[in-house]
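J.: using only what follows, build the 3D model:
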Amino acid sequence: QQQQQQRPSLLSDRSSGSVSTVSAHSLPAYHDERSDMACVLPRQTSGLTGGRSSAPADFASRLAALEKALMTSAAHARGYLDEDTLLRLVGNYNLIYSLQLSPDVVTDVLDACVDQGSVFVEDFMLVLRKVLASG
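T.: Numbers count the residues shown, from 1 in each chain. Prediction:
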């Protein structure tokens, strides 16, 4: 008999929702109960790197990182995300990449793009870019 090797769990305690470590890469992670997904947190900078971060420096690159995350998340649903997921991702990337997007702006753009609880990511990003360029 050939025994199948089990993959190690990404999180030490998936049920608690607490922060733990991804064993293979020693990255901090948490379990998102709403989506039942393991989420890896970004690396923190340390004194050894001179305070440099791997995050893109200019706003356009940081906004592109948000767009890429939204598109990747929406790939399984033909480019659509439910509004709660979109808001959660935008909020996370707003914080992580210091986009400084106003909650009012995000809500206004979401309201303009939502259709029966779903948002087409390309439309959301197009409207967001237009609003940011005009303001």
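
J.: use CA for all of it now, contacts and neighbours both
T.: Noted.

J.: where along the protein do the helices fall?
T.: 59-74, 83-96, 103-113, 121-134 (DSSP state H).

J.: tabulate those (CSV), appending mean pLDDT and mean neighbour count.
T.: Shown next, in CSV, are the helices of the chain (pLDDT from 0 to 100; neighbours: other C-alpha atoms under 10 Å):
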stretch, mean pLDDT, mean neighbour count
helix 59-74, 95, 17
helix 83-96, 96, 17
helix 103-113, 96, 16
helix 121-134, 96, 15
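
J.: Leu89 against Lys68, yeah?
T.: No: shown here, Leu89 and Lys68 do not form a contact pair, counting by C-alpha atoms under 8 Å, at 11.0 Å.

J.: identify the contacts common to the two.
T.: When contacts are counted by C-alpha atoms under 8 Å, 6 or more residues apart in numbering, Leu89 and Lys68 have no shared neighbour.

J.: tell me how many other residues crowd Gly117.
T.: Number of residues near Gly117 (other C-alpha atoms under 10 Å) recorded here: 12.
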